[in-house]
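> sharing a model that was predicted from the sequence below.
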Amino acid sequence: MIRLVAIASSLILLHGCATSRYQHDTDFTPAPIADIKAIEDPVPVSEPRSSMGNPSRYRVLGKDYSVMEDATGFSETGIASWYGMKFHGHDTSNGEVFDVYKMTAAHKTLPLPSYVRVTRSDTGQSVVVRVNDRGPFHDGRIIDLSYAAAVKLDMHNSGTAPVQIEVLKAPLPDSVLWIQAGALSNLDNAKRFQQELETIRAEVGAGDWTVGIHSTENNEKSIHRVRIGPVPEPEIAPLIDALKQNGITQTVILSQHQLER
């Protein structure tokens, strides 16, 4: 059930240009970047597979795509494009927020997130980007870059460029999730609940997940959310069963990008 919900959500978030969820009808160029050297390439790391944006198959504009199970060693040659302010501030396919000034990209079939080196075939210029979105859904294009990445490759004026892409780090096989076990207005009660969950954790012999409290202020009211995680996706169902056996039934499953919301 968890995976089915994630897949359904990810299909909604695929950023095909035919959708109407954006505040602008057409894409347009962001404000110029004053110092492009100040925007650093991301450092490739082995992240968990995103719980959203990785359906085994999906369809956009009448065409089916299959997401790779493992992209280790994958490379591809073709045309790169870039996407801008129409999509700025909107969710990417894995639920993160797209920022034209970050070094990210969209690909149709790479597992999310993947770290990719993009090298211009004609000039040799190269950047590293973190793939967290789906696209481009135009024939002949293999990757859609953020505006920042396009500027670094000096292709923001031409719009496209011939490139070779090479996967540096593919995500780990399993995604990780968090379980929100409760949201309380009193911090002392939240701390007591946290201790209760720690006791349950010891009883079930859990792995590396921890119990934390995420506190926020809204209209002068404090909310203290007690959360368990990160939990590998295969361990979610047994953990929820253990919580239910201890009378904790009002749980909410969260992806990584939802933790600060």
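Okay, I see it.
> and after the lengthiest helix in the chain, which helix or strand comes next?
Assignment by DSSP state H gives helix 187-204 as the longest helix of the chain. The helix or strand immediately downstream of helix 187-204 is strand 210-218, counting by DSSP states H and E.
> buried residues, that next one. List them.
Residues of strand 210-218 classed as buried by neighbour count (16 or more other C-beta atoms under 10 Å): Val211, His214. Just so you know, the C-beta spots here come from the backbone N, C-alpha and C atoms, and that holds for glycine as well.
> one more: stretch 185-194?
Ala190, Phe193, Gln194.
> cool, and stretch 68-84?
In stretch 68-84, counting by 16+ other C-beta under 10 Å, buried: Met68, Ala71, Phe74, Ile79, Ala80, Ser81, Trp82, Tyr83, Gly84.
> ok, and the closest non-adjacent residue to the second one?
Computed as C-beta to C-beta, 6 or more residues apart in numbering, the closest residue to Ala71 that is not its neighbour in sequence is Ala170, at 4.2 Å.
> contacts only, for the one you found.
Asp70, Ala71, Thr72, Phe74, Leu110, Pro111, Ser114 (C-beta atoms under 8 Å, 6 or more residues apart in numbering).
> okay, the fifth one and Asn246: tell me how far apart.
Distance of Leu110 to Asn246, computed by C-beta to C-beta, to the nearest Å: 40 Å.
> more neighbours: those two, which one.
Neighbour comparison, Leu110 and Asn246: the larger count goes to Leu110, with 25 against 14 (by other C-beta atoms under 10 Å).
> ok, that one to Lys102 distance?
The gap separating Leu110 from Lys102 is 17 Å, by C-beta to C-beta.
> and for Ala80?
On the measure of C-beta to C-beta, Ala80 and Lys102 end up 16 Å apart.
> and Ser81, by the same measure?
Taking C-beta to C-beta as the measure, Ser81 and Lys102 are separated by 17 Å.
> okay, now the residue nearest to Ser50 when sequence neighbours are not counted: neighbour count?
Of all residues not flanking Ser50 in the chain, Asn94 sits nearest, at 3.7 Å (C-beta to C-beta, 6+ apart). Using other C-beta under 10 Å, Asn94 has 27 other residues around it.
> mind listing what Asn94 touches?
By C-beta under 8 Å, 6+ apart, the neighbours of Asn94 are Ser10, Leu13, Ser50, Met52, Gly53, Asn54, Leu112, Pro113, Asn132, Asp133, His257.
> neighbour-wise, which of the residues you listed leads?
Ranking the contacts of Asn94 using other C-beta under 10 Å puts Gly53 first, with 31 neighbours.
> so it, which of the three states?
What DSSP: H, G, I helix; E, B strand; the rest coil gives for Gly53 is coil.
> surely it meets His107?
No - Gly53 lies out of contact with His107 (C-beta atoms under 8 Å); the separation is 10.7 Å.
> shared neighbours of those two, which are they?
In contact with both Gly53 and His107: Asp133, Arg134, using C-beta under 8 Å, 6+ apart.
> could you pull up phi and psi at the residue nearest to Ser50?
Asn94 adopts backbone torsions of phi -100, psi 10, taken as degrees, to the nearest 10.
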